[in-house]
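In: dropping the sequence and predicted coords here.
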Amino acid sequence: MEGIINNIISYITEYGLRVIIGIVIFVIGRFIARKITDVLRKFMERAKWDVTLVKFSGDMIYFLLLFVVVIIAIQTIGIDTTSFVAVLGAATLAIGFALRDNLSNFASGALLLILRPFEVGHFIEAGGTAGIVEEIGIFSTKLRTGDNKLIYVPNSSIFSGNIINYSAKDTRRIDLTIGVSYEDDLKKVKEELWKILEEDERVLKDPSPTVAVAELADSSVNLVVRPWVKSSDYWSVYFDLLEKIKVRFDEAGISIPYPQLDVHLKNTLNGGKYDR
């Protein structure tokens, strides 16, 4: 009986000590994990990462470190974690496979927030659509179109294709092609175009605009008109120039031709003569 009691006491002492050590490891490990996470969060904040990404990444790092601490603490107690880790790994693989599209969107969202090819308020064309960026999320980006529709575009669709950022630069060039008749005086045409550009205060002097003959087409002489404007003025100047050019050309007697097709009919009956 005394031997049984001694064995029980020895067992309790041995495993009790392991449990205490395991608890101490867990407490200290959790403290260290939190400190490491705080340091990494401050580093990401100094690098000007997005707030959402900093919070999400910080939580992921903390729980990953905490998981390692728990495994070490359990092993210290004397519990075999081999099968536990294997099952958890298999479950993680299955979950990852099932959520591969979401994981791809998350990875793309993280890269978008880090690399910043565009920001909130920019007008972009990406993922098969165009609009003003209203929100860059972890899984999708919210765009507002010109007709005030909201479109949620998966981040993987944006990051895997071309991204055109129309707001990245302060200035943009307007590219217009204006056709005039072959009978019109090119010198007069160019003078009128230069007057229109010079009268518009929104057209920048530097870089200077371009007015030049670009093509001798089938039914018109095509000129390119390329003024530089502020990005915020692009569409207003674009529409105004088209209207002003049409009005001024009408006043100056300059014609803007449109494609014409001449159809010649040949009578092949009775040797080319009509039978009346």
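Out: Received it, and whenever you're ready, just let me know what you need. Numbering: from 1, shown residues only.

In: which strands and helices lie in contact with the helix or strand containing Trp194?
Out: Following DSSP states H and E, one finds Trp194 within helix 186-199. For helix 186-199, the elements it packs on are strand 176-180, strand 210-216, strand 221-226, helix 234-252, judged by 3 or more CB pairs under 8 Å, 6 or more residues apart in numbering; DSSP states H and E. Quick note: C-beta positions are derived from backbone N, CA and C, even for glycine.

In: of all these, which lies closest to Phe63?
Out: helix 234-252 (46.6 Å; CB to CB).

In: the closest one - contacts with which helices or strands?
Out: If contacts are counted by 3+ CB pairs under 8 Å, 6+ apart, helix 234-252 sits against strand 176-180, helix 186-199.

In: repeat that for 7 Å
Out: Applying 3 or more CB pairs under 7 Å, 6 or more residues apart in numbering; DSSP states H and E, we find helix 234-252 packed against helix 186-199.

In: okay, buried residues for the helix it packs on please.
Out: 189-190, 192-193, 196-197 (16 or more other CB atoms under 10 Å).

In: same question for stretch 171-188.
Out: So, applying 16+ other CB under 10 Å, buried residues of stretch 171-188: 172, 174, 178-180, 184.

In: any idea how far apart the tips of it sit?
Out: By CA to CA, to the nearest Å, the extent of stretch 171-188 from end to end equals 29 Å.

In: ok, now stretch 203-216?
Out: 27 Å.

In: what sits up against that stretch?
Out: The contact list for stretch 203-216, computed with CB atoms under 7 Å, 6 or more residues apart in numbering, reads 171, 177, 186, 190, 193-194, 197, 221-229, 237.

In: equivalent analysis for stretch 63-83, please.
Out: Contacts for stretch 63-83 (CB under 7 Å, 6+ apart): 15, 18-19, 21-22, 25-26, 29-30, 33, 36-37, 85.

In: among those, which two are most distant?
Out: The two members of the contacts of stretch 63-83 with the most space between them (CB to CB) are Tyr15 and Thr37, at 31.7 Å.

In: who has more neighbours, those two?
Out: Thr37 (20 against 13; other CB atoms under 10 Å).

In: can I assume that one sits in a helix?
Out: Yes - Thr37: assigned to a helix according to DSSP: H, G, I helix; E, B strand; the rest coil.

In: that one contacts Ile61, correct?
Out: Yes - at 5.2 Å, Thr37 counts as touching Ile61 under the criterion of CB atoms under 7 Å.

In: where along the protein do the strands fall?
Out: Applying DSSP state E to the chain gives strands spanning 123-126, 129-136, 140-144, 150-154, 164-165, 171-173, 176-180, 210-216, 221-226, 228-230.

In: tell me how many other residues crowd the nearest residue to His122 once chain neighbours are set aside.
Out: Spatial nearest neighbour of His122, chain neighbours left out: Ser167 (3.9 Å); criterion: CB to CB, 6 or more residues apart in numbering. Using other CB under 10 Å, Ser167 is surrounded by 17 other residues.

In: need the phi and psi values for Ser167.
Out: phi -110, psi 0 (degrees, to the nearest 10).

In: pull up the gap between it and Tyr234, please.
Out: Using CB to CB, to the nearest Å, Ser167 is found at 10 Å from Tyr234.

In: quick one: stretch 59-68 to chain centroid distance?
Out: 30 Å (CA atoms, centre = their mean, to the nearest Å).

In: next, the buried residues of that stretch.
Out: Residues of stretch 59-68 classed as buried by neighbour count (16+ other CB under 10 Å): 61-62, 65-66.

In: closest to Leu113 among those?
Out: Ile61 (15.9 Å).

In: isn't that closest one right up against Val39?
Out: No - using CB under 7 Å, Ile61 is not in contact with Val39, being 10.1 Å away.

In: list the buried residues for stretch 149-160?
Out: 151, 153-159.

In: residues in contact with it?
Out: Here stretch 149-160 makes contact (CB under 7 Å, 6+ apart) with 104-105, 108-109, 111-112, 126-127, 129, 131, 139-145.
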